Structure formats: structure tokens, C-alpha cells
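[1] Any chance you could fold what I've pasted below:
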Amino acid sequence: MRWPFTSPEGGERAPSTIRGMGYMLVSTLAFAALHACIRFLAGEMHPFEIAFFRFLFGFLVLAPVFLRHGFAPLRTQRLGLHALRGGVQTTQALLSFLALGLAPLAKVAAVQFSAPLFVAVAALLFLGEGIRLRRVAALLIGFAGTWVIIRPGMGEVDIGAVVALLGSVAIALTMILVKVLARTETSLTITLYQALFTTPLTFIAALFYWQTPTFEQLAWLILLGTLGSLAHLTLAQACKEADVTALLPLDYTKLIWAMVLGYLVFTEIPGLWTWIGGSLIFGSSLYIAYREKKARDA
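    You can find the predicted model right below:
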């Protein structure tokens, strides 16, 4: 039976949009469950320590791969890019985990929809892409959605939402790096190198807030690592199977999963502003992706 995330010597399967969308749905559900576990544990442990154990156990979950494939999945000519991705992923994880300890699940999920907007801004500023009026309008609408959720100047600023927004910038950089790596690397290689770099980096951050986990907490942390590896494996495979334009609409299901889990586990009910802002952010991101595809196909 073929391991679905590797590229055997006999050649790769032809990409499939349907398979890619299936992987994306699994990824969004795994990410939402991961975030629910983080929020649950954040009441007992510091988010930085949770981040370390997430990557440690995520790596241990993948360890059996070495028994089957040896060190072949680690062969790469892009070690520097993997290291950069590991550093950015560490920053993103620490910010996102901290945000999940401070803000409701649905609010964090809504704010993180802004990541594609930051990708578009980076393309405008650093990749020399032309500035089109429709794209600028979509960016402004998307950032207005972020403003609606955070609402600075209208009562107390939600620090959790602000931290989540900073994490979205790191998510955007991670998305770019994963897409670049996916051109030559297998999904398994990308995920393994992520664990190899992020585990020691998050351990350094966790040392400042260390407390020995209980057996019950360890069980949750193992589940956390498993969900994290599943989420990133399926996301990387989705990017290999399908165009980002086809995958982006499904990213909105993160808000649905977050709303359901937030209500069932924490009795959190998203506010109206979270839904309005999240919809504005998502709609603008989807429009930008659609226009980019039209421009490429022209």
C-alpha cells in the first residue's frame, strides 16, 4: 500500500482537485480540534510550554516513518529554506498559542483569515507585482474586517485578537514558504523538517515557564501533537494536489469548526462583530485569489 504523502520512485499520482479539497477539509478540522486542545490546556499550562510539547509529540508521532523509509524523507537540497520555515513557524506557533489562551476560538479563527491578505501585501511590496485597483479595494475591505473584530478605540482592546493578528503575519510567511518548498519537496519531508527545527526552538521558549506536566496533561499533549502532524501533513498534501484558489473557500470551515467546538467545550458563542469581520476578511481573500487565477489564466 502506497504511503500517500511520499513520492515513490515509480512517479507521483496526477494531482486531483477533489483529493486536494478532501485533504483541506481534514486539515481544517484537525486545526480546529488542535486549537480547542490548546485553549483547554492554556488554563493549566503556559502556551509556550504547550507549543513545545505540540511539536515534540508531533515529531514522535512521525518517528515510525523512519522505520519504513529510513532517512530518505530527510534528503533535501533546500536545508536553508527548511530552517527559515522552522524559525517562522516557531514564531507563528508561539503567537497563535498565546492568542488561543487569551481569546475565544471563533475570534482567533476569524482574525487568522487575514493571513492571505498579508500574503497579497507581501507580493505587492517585495515581489514587484502590479497594483490593480480591484486588488487594493479587496485588501482594504479585508483589513476593515480585521478592524471590525478588534475594534480599537471602542472599549477595551482585545489583546488576544491583536496577538492573533500578529500571528497571521507569520502564518502568511509560512504559507509562502510551504508553497515554495512543495514544488520540490514531499509533504512528509516538509513536515519532518518543521518538527526538527521547531522542537528545540520552542523548548528554549518553554524553559522560562516550565512546569512538569501531569499524566492527564501528557495525554492531552500527545493528542495535540497527533492533531498537529495530521493538520500539517494534510495541508501540505492539499497544496500539492490542488490550486490554492480551489482550496481557499474551504478554509472558511475553520470558523464553523471553531464555533461548534467553542460552544460544545467552552460554551463560547461568537459575537456578531466576529461573524461580520470574519466574513469581510474571508470574502476579500477569496476575491483576491479568484482575480489572481484569472490573471494567470489570461
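[2] Can you pull the phi/psi pair for the residue nearest the centre of the chain?
    Taking Cα atoms, centre = their mean as the criterion, residue 171 is the residue nearest the geometric centre of the chain, at 6.1 Å. Reported as degrees, to the nearest 10, the phi and psi values for residue 171 are phi -60, psi -40.
[3] Please apply the same query to residue 42.
    For residue 42, the backbone dihedrals (degrees, to the nearest 10) come out as phi -60, psi -20.
[4] Local confidence estimate at the nearest residue to it once chain neighbours are set aside?
    Spatial nearest neighbour of residue 42, excluding adjacent residues (Cβ to Cβ, 6 or more residues apart in numbering): residue 101 at 3.3 Å. Where you see a C-beta, it was placed from the backbone N, CA and C, and this is true even at glycine. According to the model's per-residue confidence, residue 101 sits at a pLDDT of 87.
[5] With residue 249 instead?
    As predicted, residue 249 sits at a pLDDT of 69.
[6] Point out where the stretch 1-150 of the chain drops to low pLDDT.
    1-15, 66, 123-133, 135 (pLDDT under 70).
[7] Can you mark which positions in stretch 193-201 are buried?
    When burial is assessed from 16 or more other Cβ atoms under 10 Å, stretch 193-201 yields the following buried residues: 193-195, 197-199, 201.
[8] Same check on stretch 68-78?
    Neighbour-count burial for stretch 68-78, counted by 16+ other Cβ under 10 Å, picks out 73, 76, 78.
[9] Check stretch 280-290 too.
    Going by neighbour count (16+ other Cβ under 10 Å), the buried part of stretch 280-290 is 280-289.
[10] Just put these in a markdown table and tack on secondary structure and pLDDT.
    Shown next, in a markdown table, are those (DSSP: H, G, I helix; E, B strand; the rest coil; pLDDT from 0 to 100):
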| residue | secondary structure | pLDDT |
| --- | --- | --- |
| 280 | helix | 82 |
| 281 | helix | 77 |
| 282 | helix | 76 |
| 283 | helix | 79 |
| 284 | helix | 77 |
| 285 | helix | 72 |
| 286 | helix | 73 |
| 287 | helix | 75 |
| 288 | helix | 70 |
| 289 | helix | 68 |
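[11] Output the residues you listed as CSV; include the columns distance to residue 56.
    CSV is the format used below for these (distance: Cβ to Cβ, whole Å):
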residue, distance to residue 56
280, 37
281, 32
282, 33
283, 38
284, 37
285, 32
286, 36
287, 39
288, 36
289, 34
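[12] Quickly name whichever of those is closest to residue 111.
    Distance to residue 111, by Cβ to Cβ, is smallest for residue 281 among the buried residues of stretch 280-290, at 7.8 Å.
[13] Quick check: the gap between the closest one and residue 18.
    Between residue 281 and residue 18 the distance, using Cβ to Cβ, to the nearest Å, works out to 27 Å.
[14] circling back: okay but the residue nearest to residue 42 is in contact with residue 39, surely?
    Yes - proximity of residue 101 to residue 39 meets the contact threshold set by Cβ atoms under 8 Å, at 6.8 Å.
[15] Between those two, point out the one with more neighbours.
    Higher neighbour count among residue 101 and residue 39: residue 39, with 26 against 20, using other Cβ atoms under 10 Å.
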